[in-house]
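Engineer: Sharing a model that was predicted from the sequence below.
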Amino acid sequence: SDVYKRQGTLQLLNLESASTEFSKQEFDTPITTIKIDKSQKYVAVCSEGGLVKVYKFPAMRALCRLKHRSAVVGLEWSKDSKRVFTNTSDRGMLFWDVQTGTLIEDGAAVCCDEKWNSWSCLHGWSVQGIMYKQKVPVVSCERSLNEELLAVGDMQGNLRLYRYPCVQAEAEYIIRSGHSSPISRIKFIDHDKGVLSTGLYDGCVIQWEVLQS
């Protein structure tokens, strides 16, 4: 399991022994996102300072550094663990070769058929419909494990459920309310039969049941 702190310290904890196996201040700015690849051989760590560090996991040996011009707020691994996709705070969408640590030029075209292990980035081709004419800003999303549904959280604490991919400008969705603050994180659970959502300020974790029509 991985835990991160505001001052940029990265820790690797062993849940069985409750011991800390790795702890080091790796960044000068807060860590925003941590994601392990499908093979569980690599982990990518993103920071507000625009730096992404990729490590061999769980040895935590550095593999490469991916430098951005603004804060990195989202990252996805390709299913073959060779590439990553990143979102930045200025709505940047970039594609990277992890083995070489280089930016892929014209990445949107080169990686148009890439299969992604998960999806929680707010900007990208497969989720472009969630931003269309929304009066309340969207702040979080998560694709289901079977890649058929997309759960989206907004600033007012509403949870929306779309079909995935969501590329239509006026895509239909189901909306439910529960949180009194923005929804900071979403996760599908129990083989996509449920969803967990966490509120940014309300101190709540809500479990939702997904009913198949």
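Structural biologist: Looks like it came in fine.
Engineer: so the residue nearest to residue 196 when sequence neighbours are not counted is in which element?
Structural biologist: Once flanking residues are discounted, residue 196 sits nearest to residue 187: 4.7 Å by C-beta to C-beta, 6 or more residues apart in numbering. In short, each C-beta sits where N, CA and C put it, glycine included. Applying DSSP states H and E as the criterion places residue 187 in strand 183-189.
Engineer: where does residue 100 land in three-state SS?
Structural biologist: What DSSP: H, G, I helix; E, B strand; the rest coil gives for residue 100 is coil.
Engineer: Would you mind confirming that it makes contact with residue 64?
Structural biologist: Yes. Counting by C-beta atoms under 8 Å, residue 100 does reach residue 64; the two are 7.5 Å apart.
Engineer: These two: who's more crowded?
Structural biologist: Neighbour count, other C-beta atoms under 10 Å: between residue 100 and residue 64, residue 64 has more, with 18 against 10.
Engineer: For the more buried one, name its beta-bridge partners.
Structural biologist: Using DSSP bridges, the beta-bridge partners of residue 64 come out as residue 54.
Engineer: List the contacts of it.
Structural biologist: The contact partners of residue 64, taken as C-beta atoms under 8 Å, 6 or more residues apart in numbering, are 53, 54, 98, 99, 100, 101.
Engineer: Residue 127: how many residues sit nearby?
Structural biologist: 23.
Engineer: Over to residue 82?
Structural biologist: Residue 82 has 14 nearby residues by other C-beta under 10 Å.
Engineer: Return the residues in contact with it.
Structural biologist: Going by C-beta under 8 Å, 6+ apart, residue 82 touches 97, 98, 99.
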